[in-house]
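1. here is a sequence together with a model predicted from it:
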Amino acid sequence: MAPLIDVRDLSIAFPRATPVRGLSLTVEAGETVALVGESGSGKSLTALALMRLLPDAARIASGEILFRGRDGTVTDLARLDDRALRRVRGRDIAMVFQEPMTSLNPVLSVGQQVAEVVRLHEGLSRRAAFARAVELLDLVRIPEPRRRVGDYPHELSGGMRQRVMIAIAVACAPRLLIADEPTTALDVTIQAQVLDLLDALRRDLSMGLLLITHDLGVVAEWADRVAVMYAGRKVEDAPFETLFGAPLHPYTRGLLAASPRLDAGQHYSAGALAEIEGSIASAAGEEGCAFAPRCPNARALCRAAVPALDAVAPGHLVACPVTTVAAQREARHALAFG
Amino acid sequence: MPLLSVENLHAGYESGGRLLRAVDGVSFAVEPGETVGLVGESGCGKSSLAKVIMRLVSPASGRVVFDGMDVGGLEGAPLKAYRRQAQIVFQDPFASLNPRQSIADILTAPLAVHGLVPRGERLKAAGHALERVGLPREAPTRYPHEFSGGQRQRLGIARALILSPRLVICDEPVSALDLSIQAQILNLLARLKAELGLSYLFISHDLSVVRYFADRVLVMYLGRIVETGSWQSIFARPLHPYTRALIEAVPTPGRRRHAAPLSGDLPSARNVPTGCRFHPRCPLATPLCTQSDPALRPLGAGRAVACHHAPEEALH
């Protein structure tokens, strides 16, 4: 069966820049895919493009966003008109943003905001929508939902506001939920609760979950598959075990080595953290691999052309010719000599 | 003698006609050359504590003793002299640098205020400070917007260090930075500490970062320190149920989809629970905990914990 969403060769352009180039990505039903990258990698723009919520100045320059609907028909969201989009957005695909305070309307009660979605998409009466809002607040584990439904966003904590956002997002049991840094603004104990909730909803509603994050710990614990982006392109895509156990792209390896970990023996008194030199700004104007200016393994061939994504193993894609050639040589060696 | 000693410190704000006790009886010390990590979630009072130590806020009661001198009531020239020795690096390098000041202005202003370096030599001192944090010497003519987030945090560090302080409070210095930049800044702070013999009070909500960077750790909850100990002991054997939950809540490779260790929200400092302030969220709470507020009890070996149910002695 076709994946739930199949993004093919997507490029997003502004008048003077193309911050996402040739991105391909799939999410299956019930699967959690993490899209990882730092500021400027294009991960949030990708999410907005999937929702067709790009800022006015930006446009989808090329590519397809193939989405499999409830009846099995596949639609290219990149070419859908506004009218058709309104039926998909919020119903079949929904999104949770990082900052719940700026995404919620401060002058409407949270109950009104949850009820609005079900009235719009499911045509419920005012009374029925309100009852459904209470059920949804309960679903996202807000205590005393009957009492909370009349609260305004400012009366809730950050964690509770994010739960309201999630209630709005899952109100119509979407097939795909996109969560853009959903726990970045939250405290660590609340973050754990919200991730736990998102995962339970994914399972219970058989949703695909596209989790956009910069936090590798979150990825390691909650994602099935990981796509790593750097300067607008996907540089590595792998099942989570492979990405953390045997990462191949120098950027992925650098990120993992640079992160202090709770379970590792590192301490500043025993040695410095591995660094990735320079900054993502060095990718601007680079003709070849965008990571080459920061890469410890860069060769002349890296600056000559943008590396293609090669499959080094089933389900493991890497855009680094230096690494791929070495990995293939090792594999041949292993085959020949055991 | 400790470089900084905080003794039963209280500080708060008026909020809606009520007193919000942001710092509610905090005691700890920072030894020369030591990095003390302060962890806690939003609203626990960690940034308020930093402001009181910097004397940006006056304490309500208790003492802040720096190098043997109580700085709590200082005014005028003595306060200025103290601030030369204690500096702060803020979280957000975008918000803490004036966009209309050139790098030269930003770095030479502290020297001018404190009358430290003759006017003609201040630019040279600024160039030196830039080199020390890994920025080009010719940067002084440029403005903050010309720098990336990581470079701006380097500027914030250069500004804090230009007065040659002995204590630097780092308030979430890497929280706003991308992962690839975070390691650069932590390595820089570690190198500067070794080179200049600095002491750090390192405030962070990120336990992985604190585990890597602190010699000793303070865990703060709703205005109080609930546990303290060496980084090894805190992370190997957390004794307070809150510390345990904090550590357990950190997503970690090698573990899959575990349940959240704590339910419930953080209470507000406007509405501190009776007894032990952690009891409404605590898995170990008994009736005693709802009535009696546990003191921070020393257990030997530098450990202390404020919990009725913690062991009597630290196990090594």
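-> Cool, the structure landed.
2. what residue ranges in the stretch 1-150 of chain A score low on pLDDT?
-> Within the stretch 1-150 of chain A, the stretches with pLDDT under 70 are A:1.
3. which parts of it sit against chain B?
-> Of all the residues in the stretch 1-150 of chain A, those in contact range of chain B (Cβ under 8 Å from any Cβ of the partner chain) are A:Glu38, A:Ser39. (Each C-beta comes from the backbone N, C-alpha and C, glycine too.)
4. whatever residue of the stretch 1-150 of chain A ends up closest to chain B: what's it in contact with?
-> For the stretch 1-150 of chain A, the residue closest to chain B is A:Glu38, as judged by Cβ to the nearest Cβ, at 3.7 Å. When contacts are counted by Cβ atoms under 8 Å, 6 or more residues apart in numbering or on different chains, A:Glu38 touches A:His214, A:Tyr230, A:Ile280, B:Asp178, B:Leu179, B:Ser180, B:Ile181.
5. hmm, the first one is touching A:Asp180, no?
-> If I follow you right, that is A:His214. No - using Cβ atoms under 8 Å, A:His214 makes no contact with A:Asp180, being 10.8 Å away.
6. just the contacts of A:Glu38: which are in helices?
-> When the contacts of A:Glu38 are checked against helices using DSSP state H, the ones located there are B:Leu179, B:Ser180, B:Ile181.
7. ok, and the most crowded of those?
-> Top of the ones in helices among the contacts of A:Glu38 by neighbour number is B:Ile181, holding 25 neighbours under the definition other Cβ atoms under 10 Å in any protein chain shown.
8. how about the nearest residue to that one, chain neighbours excluded?
-> Taking Cβ to Cβ, 6 or more residues apart in numbering or on different chains, and ignoring the residues beside it in sequence, B:Ile181 has B:Gly150 as its nearest neighbour in space, at 3.6 Å.
9. quick check: phi and psi at residue 278.
-> The chain I'm using is chain A. Backbone torsions for A:Gly278, taken as degrees, to the nearest 10, come to phi 70, psi -160.
10. the intended chain is chain B.
-> Backbone dihedrals for B:Phe278, given as degrees, to the nearest 10, come out at phi -90, psi -10.
11. who touches it in this structure?
-> Contact analysis of B:Phe278 by Cβ under 8 Å, 6+ apart lists B:Tyr221, B:Leu222, B:Val226, B:His240, B:Pro241, B:Tyr242, B:Ala285.
12. hang on, the earlier thing: higher neighbour count, A:His214 and A:Asp180?
-> A count of neighbours by other Cβ under 10 Å puts A:Asp180 above the other of A:His214 and A:Asp180, at 21 against 18.
13. hang on, that one packs against A:Ala94?
-> No - between A:Asp180 and A:Ala94 no contact is recorded; they are 11.6 Å apart, counting by Cβ under 8 Å.
14. and the most centrally placed residue in chain B, what's its pLDDT?
-> A centroid search over chain B (Cα atoms, centre = their mean) returns B:Ile203, at 2.7 Å, as the residue closest to the centre. Here, the pLDDT recorded for B:Ile203 equals 97.
15. could you confirm it falls within a helix?
-> No - residue assignment for B:Ile203, taken from DSSP: H, G, I helix; E, B strand; the rest coil, gives strand, which places it outside any helix.
16. tell me how many other residues crowd B:Val113.
-> When counting by other Cβ under 10 Å, one arrives at 12 neighbours for B:Val113.
17. all the strands of chain A, residue numbers only.
-> Using DSSP state E, the strands assigned to chain A run over residues A:5-14, A:17-27, A:32-36, A:59-68, A:74-76, A:93-96, A:176-180, A:208-213, A:225-230, A:233-239, A:310-313, A:316-318.
18. now swap in chain B and tell me
-> Counting by DSSP E, chain B has strands at residues B:4-15, B:18-30, B:35-39, B:61-66, B:69-70, B:86-89, B:167-171, B:199-204, B:216-221, B:224-230, B:297-300, B:303-305.
19. what sits closest to B:Asp24 if chain neighbours are left out?
-> Spatial nearest neighbour of B:Asp24, chain neighbours left out: B:Gly223 (3.4 Å); criterion: Cβ to Cβ, 6+ apart.
20. equivalent analysis for A:Ser282, please.
-> By the measure of Cβ to Cβ, 6+ apart, the closest residue to A:Ser282 outside its immediate chain neighbours is A:Pro293, 3.8 Å from it.
21. before we move on, what about B:Glu31?
-> Across the structure, with Cβ to Cβ, 6+ apart as the measure, the residue nearest B:Glu31 apart from its sequence neighbours is B:Pro2 (5.3 Å).
22. from B:Val57, how far out is the one you found?
-> 21 Å (Cβ to Cβ, to the nearest Å).
23. what of B:Pro287?
-> Taking Cβ to Cβ as the measure, B:Pro287 and B:Val57 are separated by 37 Å.
24. who's more crowded, those two?
-> Applying other Cβ under 10 Å to B:Pro287 and B:Val57 shows that B:Val57 carries more neighbours, namely 17 against 9.
25. report pLDDT for that one.
-> Among the per-residue scores, B:Val57 holds a pLDDT of 91.
26. that one against B:Leu9, yeah?
-> No - the pair B:Val57 and B:Leu9 does not pass the contact test of Cβ under 8 Å, sitting 10.8 Å apart.
27. what sits against the most centrally placed residue in chain A?
-> The residue at the geometric middle of chain A, judged as the C-alpha nearest the mean C-alpha position with Cα atoms, centre = their mean, is A:Ile212 (2.6 Å). Each residue near A:Ile212 by Cβ under 8 Å, 6+ apart is listed here: A:Ala34, A:Leu35, A:Lys43, A:Ser44, A:Thr46, A:Ala47, A:Ile178, A:Ala179, A:Asp180, A:Glu181.
28. in contact with the fifth one, which residues?
-> Same thing as A:Thr46. If you count contacts by Cβ under 8 Å, 6+ apart, A:Thr46 has them with A:Val7, A:Leu10, A:Ile12, A:Val20, A:Leu23, A:Leu25, A:Leu35, A:Ile212, A:Met229.
29. contacting residues around the second one?
-> With Cβ under 8 Å, 6+ apart as the criterion, the residues that contact A:Leu10 are A:20, A:22-25, A:46, A:49, A:60, A:62-65, A:78.
30. in the sheet, which residues pair with it? Tell me.
-> Under the criterion DSSP bridges, A:Leu10 forms beta bridges with A:Leu23.
31. how about stretch A:64-78, which residues are buried there?
-> By 16 or more other Cβ atoms under 10 Å in any protein chain shown, the buried positions in stretch A:64-78 come out as A:Glu64, A:Ile65, A:Leu66, A:Phe67, A:Arg68, A:Leu77, A:Ala78.
32. surely the third one and A:Thr75 touch.
-> Yes - the pair A:Leu66 and A:Thr75 qualifies as a contact (Cβ under 8 Å) at a distance of 7.3 Å.
33. what about the residue at the greatest distance from the centre of chain B, distance to A:Val322?
-> Ranked by distance from the centre of chain B (Cα atoms, centre = their mean), the top residue is B:Gly120, with 35.2 Å. According to Cβ to Cβ, B:Gly120 stands 51 Å off from A:Val322.
34. same check on A:Gln112?
-> For A:Gln112, the distance to A:Val322 under the criterion Cβ to Cβ works out to 56 Å.
35. same check, this time on B:Ser27
-> In this structure, B:Ser27 and A:Val322 are separated by 55 Å, where distance is defined by Cβ to Cβ.
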